[in-house]
Each structure stands twice: as C-alpha cells, then as structure tokens.
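Colleague: Prediction below, plus the sequence it came from.
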Amino acid sequence: MAEKEAIARGVTALKEAEARAAKALADADADRTKLNKVVEELQVSSHATEAEARVREAEEDRDGLATSLNQVTADHLWMREHGIGHVSTWYLFHPYVCLC
C-alpha cells in the first residue's frame, strides 16, 4: 500500500513538473515573440534614421548647388554689365598677374 502511494505521489509530482515545464516553455515563447517584435521595431527605426540622414545630406547638397548656381549667375551678370564677353583660361589660372 505504501508503495502504491509513493508511486502515485511520484506520478503526481511528475505531472506537476511537466505542467511547470510546459508553462515555462510557453512563457519563454511569449518572451521570444515580444523580443522579436522589439528587434523588428528597432531595425525599422534604424532604417528610418539612415533614410533621414540621407535626405538631410541630399538637401545640403541641393542647397550648396543652388548657392553655386546663384554665384555663377551673379558673376555672369556682372561680366555682361562690364562688357566682358570672354575670360581667357590663362587668366583663370594666373589670377595674381597684374595687367596694368
């Protein structure tokens, strides 16, 4: 009789241990799912940050080009106002030569 009770307690303890292990496994799966979602959100955030940096860089480049174009346009107008139709390449590469 004592042997049957010990076996029954052992079986009960085994079933309880299996139940705890199953619950722990389910909790671990839920935690893993949450972790996967967090990792995915971080990756999306990282890609968005990189895209925003590229956009800022492109805007800075565009602004720089617009500034350069405005300067060239102003220089062209100044040359036209002063009757300068052509500048020799030699003068462009020797800007400190006095033409006096």
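Modeller: Looks like it came in fine.
Colleague: After the host helix or strand of Asn36, which helix or strand is next?
Modeller: Element membership for Asn36, per DSSP states H and E: helix 2-81. Using DSSP H and E, the helix or strand that follows helix 2-81 in sequence is helix 89-93.
Colleague: That next one: how far from the chain's middle?
Modeller: 45 Å (Cα atoms, centre = their mean, to the nearest Å).
Colleague: and Lys4, how many neighbours does it have?
Modeller: For Lys4, the neighbour count with other Cβ atoms under 10 Å is 8. Backbone N, C-alpha and C define where each C-beta goes, glycine included.
Colleague: Residues contacting stretch 64-76, please?
Modeller: Residues outside stretch 64-76 that contact it (Cβ atoms under 8 Å, 6 or more residues apart in numbering): none.
Colleague: if I look at the spatially most central residue of the chain, how far off is Ala17?
Modeller: With distances taken as Cα atoms, centre = their mean, Glu50 lies nearest the centre of the chain, 2.3 Å away. For Glu50, the distance to Ala17 equals 49 Å [Cβ to Cβ, to the nearest Å].
Colleague: ok, now Ala51?
Modeller: For Ala51, the distance to Ala17 (Cβ to Cβ) stands at 51 Å.
Colleague: Could you list the low-pLDDT ranges of the chain?
Modeller: For the chain, residues meeting the criterion pLDDT under 70 lie at 95, 97-100.
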